[in-house]
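1. Please find the sequence and the predicted model below.
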Amino acid sequence: VAGGNVGEQVDHKIIGIDPGAGLMKAAENAMKEYGLDDWELVEGSSAAMTAALTQAYKEKKPIIVTGWTPHWMFSKFEMKYLDDPKGVFGKDEQIHTIVRKGLKEDQPSAYAFLDKFEWKASDMEKVMLDIADGKKPEEAAADWVKNNEDTVNKWVEGIQPAPGKKLTLAYVAWDSEIASTNVVKTVLEQKLQYQVELSQVEAGPMWIGVSNGDVDGMVAAWLPTTHADYYKKLGSTVEDLGPNLDGTKLGLAVPTYMNINSIEDLKK
Ligand SMILES: C[SH](C)CC(=O)O
């Protein structure tokens, strides 16, 4: 894409996701810190952002999105993060599993598995890519579980199945959490015989649902930075089972065909 003012090329818009995502707060912060006063962070959803990215990429048009790792955009497209010299987007962090207080007593088998659940960014990306390529989330999750028996059996080793018991997991429709939550559901159902219901909500209601016990848990807590606000408010009312994935990253991402490399370059 020719040089010139990238702001004009993208109509001074950064394509974001749902307003409750910590990534959006970080992006707003970055726009302030880098003096992008005449820019707009477009709110929407993970699905709308990836649809806009797919369209622009097909037409080799310039686009700037709020991006995160793990995400299939980095394997499906040639993408790069814009350098963040001021470190506004923080360092790599983890995704944690958070459950309601009392789950250990009420559902010991589910608790024991959720405490063991941990996988790699490459595992998550595989499921995400299958979904991006058209598989239903439950299908992509079932395939991953089938193809990773060793890992899955380690997760459930020695845990008593709980036939007929019900469990509700909350998640936000981020591509990453659609993948992880469906894998967790599949393992709970296939290996521990739970009946699992998934509740898709925004980030705030997800945290509140675990805090007030409306849902049993979630595997979508980006900590210590991205969900710091939610954790500060509700951390004492939930049980944090620790990381289920290590090595995440947040930032502004662009196709590599754009000749900008830093958030600083947006100021010109
Ligand atoms: C969409 S993931 C980076 C999580 C979040 O931003 O809250």
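-> Noted; the coordinates are in hand.
2. Only C-alpha atoms from now on, for both contacts and neighbour counts.
-> Will do.
3. Pull the residues that contact stretch 189-198.
-> With contact meaning C-alpha atoms under 8 Å, 6 or more residues apart in numbering, stretch 189-198 is reached by 109-110, 156, 159-171, 181, 185, 188.
4. Over to that stretch now: how far is its first residue from its last?
-> Distance between the two ends of stretch 189-198: 12 Å, counting by C-alpha to C-alpha, to the nearest Å.
5. same deal with stretch 35-55?
-> Distance between the two ends of stretch 35-55: 28 Å, counting by C-alpha to C-alpha.
6. Does the ligand have contacts with the biggest helix by length in the chain?
-> When the chain is parsed with DSSP state H, its longest helix is helix 175-190. No - residues of helix 175-190 are not located near the ligand by C-alpha under 6 Å from any ligand atom, the shortest gap being 7.4 Å.
7. what is the mean pLDDT for that helix?
-> The average pLDDT within helix 175-190 is 98.
8. For ChimeraX, write a command that selects the buried ones of the contacts of stretch 189-198.
-> Selection of buried members from those for ChimeraX, criterion 16 or more other C-alpha atoms under 10 Å:
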select :109,110,156,159,161,162,167,168,169,170,171,181,185,188
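9. From A221, how far off is the residue nearest the centre of the chain?
-> Note on the chain: the residue nearest the mean C-alpha position is S176, at 4.0 Å, using C-alpha atoms, centre = their mean. Per C-alpha to C-alpha, S176 is found 11 Å from A221.
10. What segments of this protein are helices?
-> Using DSSP H, the helices of the chain run over 6-9, 22-33, 46-58, 73-76, 103-106, 108-116, 121-132, 137-147, 149-156, 175-190, 203-211, 228-234.
11. low pLDDT regions in this protein?
-> For the chain, the stretches with pLDDT under 70 are 1-4.
12. Return the residues of it in contact with the ligand.
-> The chain comes close to the ligand at residues 21-23, 68, 174, 222, 226, as judged by C-alpha under 6 Å from any ligand atom.
13. make it 8 Å
-> 17, 20-24, 46, 67-69, 174-176, 203, 220-222, 226-227, 249-250 (C-alpha under 8 Å from any ligand atom).
14. picking that back up, return the residues in contact with the residue nearest to the centre of the chain.
-> When contacts are counted by C-alpha under 8 Å, 6+ apart, S176 touches 70-71, 124-125, 128.
15. returning to that earlier point: list the buried residues of the longest helix of the chain.
-> 175-189.
16. domains for the protein, by residue range?
-> Following automatic domain parsing, the chain resolves into domains at 6-91+249-267, 94-246.
17. measure the longest one end to end?
-> By that I understand domain 94-246. 5 Å.
18. Same question for the first one.
-> The first residue of domain 6-91+249-267 is 9 Å away from its last residue (C-alpha to C-alpha).
19. ok, back up a step: now do the residue nearest to the centre of the chain against I98, distance only.
-> 16 Å.
20. what about the closest residue to I95 other than its chain neighbours, neighbour count?
-> Nearest residue to I95 in three dimensions, chain neighbours excluded: W222, at 4.5 Å (C-alpha to C-alpha, 6 or more residues apart in numbering). As a burial measure, W222 scores 23 neighbours (other C-alpha atoms under 10 Å).
21. show me what contacts W222?
-> For W222, the contact set (C-alpha under 8 Å, 6+ apart) comprises 93-96.
22. mind checking the longest strand of the protein?
-> Longest strand in the chain, counting residues (DSSP state E): strand 238-255.
23. That strand versus helix 108-116: what angle between them?
-> Going by axes from the mean of the first three to the mean of the last three C-alpha atoms, to 10 degrees, strand 238-255 is angled at 40 degrees with respect to helix 108-116.
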